[in-house]
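Novice: just to be clear, the model below is a prediction. Sequence and coordinates:
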Amino acid sequence: MDTAFVIQQLIFGITLGCLYSLIAIGYTMVYGVIRLINFAHGDLLMVAAYIGFFGIVIYHLPWPVAFGISILLTAALGILIDRGAYKPLRDSPRISALITAIGVSFLLENLGIVIIGGRPKSFPRPSLFEGDLQFDQLILPYLSLWVLGITVMLLTLVLLIVHRTRVGMAMRALSRDFETVRLMGVDVDRVISFTFVLGSSLAAVGGIFWCMKYPAVEPFMGVIPGLKAFVAAVLGGIGSVSGAALGGLLLGLAEVLIVAIQPEWSGYRDAVAFTILIAILLTRPTGIMGEELPK
Amino acid sequence: MSETLLRTEGLTVVFGGLVALSGLDLEIRRGEIVGLIGPNGAGKTTAFNAITGVVQPSSGRIFLGEEDITARPAPKIAAKGIARTFQQIRLYDDLTVIENVMVAGHSSVRYTFLEAVTGLGRFSADEKRISEYAEYLLELMGLSDVISAKASALPYGRQRKLEIARALALRPTVLLLDEPVAGMNPMETKGFADLLRRLHRELNLTIGLIDHDMGFVMNVCHKIKVIDHGVPIAWGTPNEIRTDQKVIAAYLGTAA
């Protein structure tokens, strides 16, 4: 195993990790604010991909327009899901909302089958994201650079919003104590909607890039990335934005490197994520950047 | 005499079969400090919860000035000028001291989302106004030296003060304090009574408070309402309450 090979694998791992991070941030933000594992989050990625696909292939929109519309509509769907499915259960036991989230996830997947059909469609990749840089044996796809750049940019933006703005302050306060925030005159529903907008937009961006990397759109495409992003969020410490980003990166690297080291294990790729999940739950359930549990 | 600011008429709260509060008529005039006292479980905190929209009253009405605010959503009531603190301290542990106070400045924000994103228009002026007011309040409460400490790092007495600063950031007309001196020693309590009088004077506040420390309540309140098992039993000045037979019976038990 030479250095070039290792670096090459690291590039692939970081690219995959960035995609997991983008999706995991949305998971972790929603959990941080309303303490709900939004299992429908992964399916938003599928919805975003389909909207992008229809925009470009069916309506022949220029890709920036199609992607922009996709992000906007996915954000709107995020608010709609919250208002329609989760808000009525705000005062119910947490398990009710969790089961509802699983229900919403199935609903979106099966609506996809009924309306669009289960046959995978190939996602168009705009020429901007085609091609790669070559250094000796090293291949650096432009897409990887875009994914890394955009992930870093969006992560910075989210961290700025959470730590520097008033709505971010309200989000952090909400994760501590719902009721007092209401009593301080904050329109809690607007803060929650904003959280869903942010999370869903990131999922949409993640979904679009996912499809450019693995260009097949089908109704269940969000399941596995969604589950893995969930693992990434738990690994990093659910509720923590930087934790989710770190968890995503580590997970992506772990998956790629294990296959690189032991090619015959490639069939166990997905198992890596869930082994990590079990290990982290056994040893440090609050995750890498999560708070220490009171002893 | 000044006008009535906060008024409840026959305020009743029933949880399942339990009558937590029954027919409370309370009247707080502008500028008064009114105490609400009674034995444990008398329904004092329930009254505050109903007034601030945390629980729905089963019957009765609540007026702020002329306006009926019964069962309005909690954030609306807060924005209309009723702020409160809690029996158990409920701060945002992870946030800094000044952030805790600034959360309550939310309702006074006038800039739009677009202005916030671009940082233009009223955004910076509004933000400056809110953070300056938060600094002023923290100074008033003697917390200037810990502005950027985490709320959880403060000792108990200062957390109580921070809770009050947070409530004051709503620029309330009525401030409701739920057991503000609970857990304080006599020296701290005395200091707090002085602070309360100063706030009352400097911010033109009208205050409603619950406490078990009779010395403190008698000392700072102009009027006192006594409730027992959810039922109001007396209303008057501290001197009238001190000698009221029903109050003495509620606290000491009746001789059969």
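Specialist: Great, that's in hand.

Novice: what does chain B have sitting close to chain A?
Specialist: B:52-54, B:73-75, B:78-79, B:83-84, B:86, B:90-95, B:99-100, B:102-107, B:109, B:116, B:127, B:130, B:166-167, B:169-170 (C-beta under 8 Å from any C-beta of the partner chain). C-beta here means a position set from N, CA and C on the backbone, and glycine is covered the same way.

Novice: redo that, cut-off 6 Å
Specialist: Contact residues (C-beta under 6 Å from any C-beta of the partner chain) of chain B with chain A: B:52, B:74-75, B:78-79, B:90, B:92, B:95, B:99, B:103-104, B:106-107, B:170.

Novice: quick one: which of these has the lowest pLDDT value?
Specialist: Within those, B:Ser107 has the lowest pLDDT, namely 67.

Novice: tell me where chain B has strands.
Specialist: Along chain B, counting by DSSP state E, strands occupy B:4-15, B:18-29, B:33-37, B:59-64, B:67-68, B:82-84, B:174-178, B:206-210, B:223-228, B:231-236.

Novice: and the angle for the last one with strand B:4-15?
Specialist: With axes from the mean of the first three to the mean of the last three C-alpha atoms, to 10 degrees defining the directions, strand B:231-236 sits at 160 degrees from strand B:4-15.

Novice: need the contact partners of strand B:231-236.
Specialist: With contacts defined as C-beta atoms under 6 Å, 6 or more residues apart in numbering or on different chains, strand B:231-236 is touched by B:22, B:24, B:225-226, B:244, B:246-247.

Novice: again, but for the third one
Specialist: With C-beta under 6 Å, 6+ apart as the test, strand B:33-37 has contacts from B:28, B:44, B:207-210, B:217, B:220-226.

Novice: need the buried ones from those selected in ChimeraX.
Specialist: Selecting only the buried entries of the contacts of strand B:33-37 in ChimeraX, with 16 or more other C-beta atoms under 10 Å in any protein chain shown as the criterion:
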select /B:28,44,207,208,209,210,217,220,221,223,224,225,226
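
Novice: adding pLDDT, write the contacts of strand B:33-37 out as TSV.
Specialist: Shown next, in TSV, are the contacts of strand B:33-37 (pLDDT from 0 to 100):
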residue	pLDDT
B:Ile28	92
B:Lys44	88
B:Ile207	94
B:Gly208	93
B:Leu209	93
B:Ile210	92
B:Val217	90
B:Val220	92
B:Cys221	93
B:His222	92
B:Lys223	91
B:Ile224	91
B:Lys225	90
B:Val226	89
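
Novice: for chain A, state which of the contacts of strand B:33-37 is nearest.
Specialist: Closest approach between the contacts of strand B:33-37 and chain A, by C-beta to the nearest C-beta: B:Gly208, at 14.5 Å.

Novice: what's the neighbour count on the nearest residue to A:Leu138 once chain neighbours are set aside?
Specialist: Leaving aside its sequence neighbours, A:Leu138 sits nearest to A:Ala4 (C-beta to C-beta, 6 or more residues apart in numbering or on different chains; 5.5 Å). Neighbours of A:Ala4 under the rule other C-beta atoms under 10 Å in any protein chain shown: 13.

Novice: any idea how far A:Ala4 lies from chain B?
Specialist: Using C-beta to the nearest C-beta, to the nearest Å, A:Ala4 is found at 43 Å from chain B.

Novice: could you say which helix or strand holds that residue?
Specialist: If you go by DSSP states H and E, A:Ala4 is part of helix A:3-34.

Novice: so after that helix, what's the next helix or strand?
Specialist: That would be, after helix A:3-34 and using DSSP H and E, helix A:41-53.

Novice: report the buried residues of that next one.
Specialist: A:41-53.

Novice: that older thread, looking at it, the residue nearest to A:Leu138 is touching A:Ile139, isn't it?
Specialist: No. Using C-beta atoms under 6 Å as the test, A:Ala4 is too far from A:Ile139 to be in contact (9.8 Å).

Novice: can you pull the contacts of the nearest residue to A:Val223 once chain neighbours are set aside?
Specialist: Sequence neighbours aside, A:Gly42 is the residue nearest to A:Val223 in space, at 5.9 Å (criterion: C-beta to C-beta, 6+ apart). Neighbouring residues of A:Gly42 by C-beta under 6 Å, 6+ apart: A:222-223, A:225-226.

Novice: reformat these as TSV; add pLDDT.
Specialist: Supplementary listing: the contacts of A:Gly42 in TSV, determined by pLDDT from 0 to 100:
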residue	pLDDT
A:Gly222	93
A:Val223	94
A:Pro225	94
A:Gly226	94
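
Novice: mind checking which of the residues you listed land in strands?
Specialist: Among those, none falls in strands (DSSP E).

Novice: next, give me the two most distant ones among the residues you listed.
Specialist: Maximum pairwise distance in those, criterion C-beta to C-beta, is 7.6 Å, between A:Val223 and A:Pro225.

Novice: more neighbours, the two?
Specialist: Regarding A:Val223 and A:Pro225, a neighbour count based on other C-beta under 10 Å identifies A:Pro225 as having more, with 25 against 16.

Novice: how about the contacts made by the more buried one?
Specialist: Counting by C-beta under 6 Å, 6+ apart, A:Pro225 makes contact with A:23, A:42.

Novice: roughly how far apart are it and chain B?
Specialist: Separation of A:Pro225 from chain B (C-beta to the nearest C-beta) stands at 29 Å.

Novice: residue boundaries of the strands in chain A?
Specialist: Listed in chain order, the strands of chain A (DSSP E) span A:121-122, A:132-135, A:138-141, A:216-217.
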